[in-house]
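Engineer: Structure here, sequence nowhere to be found:
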């Protein structure tokens, strides 16, 4: 009879462990999705700001159409990117590079740099870039926690049997060193 109680106790402990581990993995998966959603909200905010920035610059730089088209094209591609964090990061890298070109272009136009609308848009873009950077850090931290839990023993046994997948980090390409530099927003 004592052996039966021991076996039942062990079985109950294993079932309890599986339930607790499963719920922990579900919680981490939900946090990863929430964090990714936060990044997308801030990126959409930036995408919505860029047309205003382009229109402000357009009034001062009539003959710089190529740079403005490059920014517009990069914004559209980033806005349309709906893939994995790796795919989204590639589109974001192109947009950041295009924005750097836009701000470099503004350096050639002192009247533009002094324009109040342009200054306000630069400030708003800098705030949004900070929000995106913070959201990326949070997302990558949650992904780290999720992936660690999926890899650790014995939770990896539950994760593997319940088809929990590792999440992708949202990081810049190693090959794109220019994208590692922050967007240059200057207030002269």
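Structural biologist: Arrived safely. If you're wondering where the values come from, they're calculated on a predicted model, not measured in any experiment. Numbers count the residues shown, from 1 in each chain.
Engineer: Just name whatever secondary elements the helix or strand where residue 16 lies is in contact with.
Structural biologist: When secondary structure is defined using DSSP states H and E, the element that contains residue 16 is helix 2-58. Under the contact definition 3 or more Cβ pairs under 8 Å, 6 or more residues apart in numbering; DSSP states H and E, helix 2-58 sits against helix 65-80, helix 85-106, helix 116-151, helix 155-161. From N, CA and C alone the C-beta is placed, and that goes for glycine too.
Engineer: Flag every buried residue along the lowest-mean-pLDDT helix or strand in the chain.
Structural biologist: Among the helical and strand segments of the chain, the one scoring lowest on mean pLDDT, DSSP states H and E is helix 110-114, with a mean of 77. Of the residues in helix 110-114, those scored as buried under the neighbour-count criterion (16 or more other Cβ atoms under 10 Å) are 112-113.
Engineer: Return the distance of it from the chain's centre.
Structural biologist: Relative to the chain's own centre, helix 110-114 is displaced by 32 Å; criterion: Cα atoms, centre = their mean, to the nearest Å.
Engineer: Then stretch 89-109?
Structural biologist: When distances are taken as Cα atoms, centre = their mean, stretch 89-109 is centred 18 Å away from the chain's centroid.
Engineer: what do you get for stretch 142-151?
Structural biologist: Average the C-alpha atoms of stretch 142-151, do the same for its chain, and the two points are 17 Å apart (Cα atoms, centre = their mean).
Engineer: No more questions from me, cheers.
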